[in-house]
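In: What follows is a protein structure lacking sequence information:
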Ligand SMILES: Nc1ncnc2c1ncn2[C@@H]1O[C@H](COP(=O)(O)OP(=O)(O)OP(=O)(O)O)[C@@H](O)[C@H]1O
């Protein structure tokens, strides 16, 4: 399954925002993935799943122009990823800020506001207003002036989301953006990303170990395993036969109370007989 049957903006003739052709990534003699041909259409929501070390973060790093492909080509917004970086919002995998970081919450968000939008320098008052708006959107107004290093992991994460969305990017890349958020804030953040897509038509690439909090928004899944991959709609990919073939062993995809559970992965730290609410 190298492509999807899902209807996307690409079907309507819109140029893809992300285009990979026969792309491969290897470190030394270890191939993370190869033969990846994928177009992500404007407004499309792609979830990237796979076990630890399968190359999900590396995939985002390729799209950010931080890592060269070993094989094939990649473009973002029709150009080299590095040249396209300005139109890309990025929520990195979370690392806490040191306690003494000399930044307030609002300073962090302000870093994402493009002060030179349309070639015109924004007046500081307009930047300030935009930052206030973004802080309100992620529910961070209450700690707008607090030092970031003293905030909880979840509070810091909401600021990173605000920063990534600040310049209304055409592509939003999220690396485990829901990690360390409680269920309520997982929902808040997942809705924020979704609303941004609805409002601006941006594409979303969301790396996650648990697809459940975002599943209702996802158009397609890129599932990495064993140096290979599957691409398709959630119903096409999250199936026992498809994942069993990908992993080369018996995998069960279970649906329970509206949640999707994957049991039996050989590299899973979880037991088959007690499926976790984690995917994959
Ligand atoms: N620059 C590099 N040089 C050599 N090996 C690297 C480099 N970057 C990543 N790797 C290796 O590639 C593999 C994939 O890393 P990556 O961070 O992309 O995995 P991941 O799927 O995001 O994992 P996780 O779910 O644990 O975050 C890892 O084994 C990592 O050590």
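Out: Structure received. Keep in mind the model is a prediction, meaning the values are calculated, not measured.

In: SS state for the residue nearest the centre of the chain?
Out: Centroid-nearest residue in the chain: residue 206, 2.1 Å away (criterion: CA atoms, centre = their mean). Each residue gets one of three states, and residue 206 gets strand by DSSP: H, G, I helix; E, B strand; the rest coil.

In: Tell me the bridge partners for it.
Out: In this entry, residue 206 is beta-bridged to residue 47, residue 174, by DSSP bridges.

In: ok, it - contacts?
Out: Taking CB atoms under 8 Å, 6 or more residues apart in numbering, we find residue 206 in contact with 45-48, 174, 177, 193, 214, 218. All C-beta spots, glycine's among them, are computed from the backbone N, C-alpha and C.

In: Also residue 60?
Out: Contact analysis of residue 60 by CB under 8 Å, 6+ apart lists 48, 90, 173, 175, 205, 207.

In: Out of those, flag the one nearest to the ligand.
Out: Nearest to the ligand among the contacts of residue 60: residue 207, at 6.6 Å, using CB to the nearest ligand atom.

In: Wait, that closest one touches residue 57, no?
Out: Yes: taking contacts as CB atoms under 8 Å, residue 207 lies within contact range of residue 57: 6.6 Å.

In: before we move on, the earlier item: and the residue nearest to the centre of the chain, how far from the ligand?
Out: From residue 206 across to the ligand, the span is 13 Å (CB to the nearest ligand atom, to the nearest Å).

In: Then residue 219?
Out: Per CB to the nearest ligand atom, residue 219 is found 21 Å from the ligand.

In: now swap in residue 41 and tell me
Out: From residue 41 to the ligand the distance is 24 Å (CB to the nearest ligand atom).

In: On the pLDDT front, check that residue for me.
Out: Looking at residue 41, its pLDDT reads 96.

In: Just confirm it contacts residue 202, I think it does.
Out: No: the pair residue 41 and residue 202 fails to qualify as a contact (CB under 8 Å) at a distance of 11.3 Å.

In: how about the residues of the stretch 51-200 of the chain near the ligand?
Out: Residues of the stretch 51-200 of the chain lying near the ligand by CB under 6 Å from any ligand atom: 52-58.

In: Name the nearest of the residues you listed relative to residue 131.
Out: Nearest to residue 131 among these is residue 57, at 28.1 Å by CB to CB.

In: Now do the buried residues in the helix or strand hosting residue 75.
Out: Counting by DSSP states H and E, the element that carries residue 75 is strand 71-76. Going by neighbour count (16 or more other CB atoms under 10 Å), the buried part of strand 71-76 is 74-76.

In: Show me what that strand packs onto, helices and strands only.
Out: strand 18-27, strand 30-40, helix 56-63, helix 81-84 (3 or more CB pairs under 8 Å, 6 or more residues apart in numbering; DSSP states H and E).

In: State the next helix or strand along the chain beyond the last one.
Out: What that stands for is helix 81-84. Using DSSP H and E, the helix or strand that follows helix 81-84 in sequence is strand 88-91.

In: Which stretches in the stretch 151-280 of the chain count as strands?
Out: 171-175, 203-207, 220-225, 228-232, 252-256, 259-263 (DSSP state E, counting those that start in this stretch).

In: Give me the residues contacting the first one.
Out: Just to be clear, that refers to strand 171-175. So strand 171-175 is contacted by 17-18, 40, 56-57, 60, 63-64, 76-77, 84, 87-93, 164-165, 193, 196-197, 202-208 (CB under 8 Å, 6+ apart).
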